[in-house]
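Visitor: Pasting the sequence and the predicted coordinates here, then a few questions.
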Amino acid sequence: MNYIYHIVLPDSWDAQLNADTYRHDSLAAEGFIHMSYLHQMEPVLQRYYTGISKVLILKINPALLATPIVVEASTAGELYPHLYAVLNKTAIESIEERLLT
């Protein structure tokens, strides 16, 4: 299984805890929710989450998504999965709390 991952700040997740779906701010701003493959997680954390003490990492089964992902070139032309819809929480297999330094 090729899982995909999404990084979310705890406050953002907590604000939507009781909803059936998750909507990241990037959906309104850019039209999609940013996702990553496992090998992209550490570089994404280092690039975009400097100074953040804690994040949640959602492990997502793409086969369970209500809307399929779209794989597109992004940072430095590298291919990343994007979700052009809200994330149905039934596709989330686990949530890992990660403390950052």
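Guide: Yep, it's here. Residues are numbered from 1 along each chain as shown.
Visitor: Give me the nearest residue to the residue most central in space within the chain, chain neighbours excluded.
Guide: For the chain, residue 6 is the residue whose C-alpha lies nearest the centre (C-alpha atoms, centre = their mean; 1.6 Å). Leaving aside its sequence neighbours, residue 6 sits nearest to residue 58 (C-beta to C-beta, 6 or more residues apart in numbering; 4.5 Å). Backbone N, C-alpha and C define where each C-beta goes, glycine included.
Visitor: helix or strand right after the host helix or strand of that neighbour?
Guide: Per DSSP states H and E, residue 58 falls inside strand 54-60. Remark: after strand 54-60, the chain's next helix or strand is strand 70-73, criterion DSSP H and E.
Visitor: what about the helix or strand following that following strand, distance to the chain center?
Guide: Counting by DSSP H and E, the element after strand 70-73 in chain order, helix or strand, is strand 79-83. Distance, stretch centre to chain centre, for strand 79-83: 10 Å (C-alpha atoms, centre = their mean, to the nearest Å).
Visitor: circling back: list the pairing partners of the strand holding residue 58 within its sheet, with orientation.
Guide: Paired neighbours of strand 54-60 in the sheet (DSSP bridges): strand 4-8 (antiparallel), strand 92-99 (antiparallel).
Visitor: what is the orientation angle of the shortest one with strand 79-83?
Guide: What it means is strand 4-8. Strand 4-8 runs at 70 degrees relative to strand 79-83, counting by axes from the mean of the first three to the mean of the last three C-alpha atoms, to 10 degrees.
Visitor: Name the residues that touch strand 4-8?
Guide: Outside of strand 4-8, the residues that reach it under the criterion C-beta atoms under 8 Å, 6 or more residues apart in numbering are 22, 24, 33-38, 41, 44-45, 48-49, 55-60, 62, 69, 81, 87.
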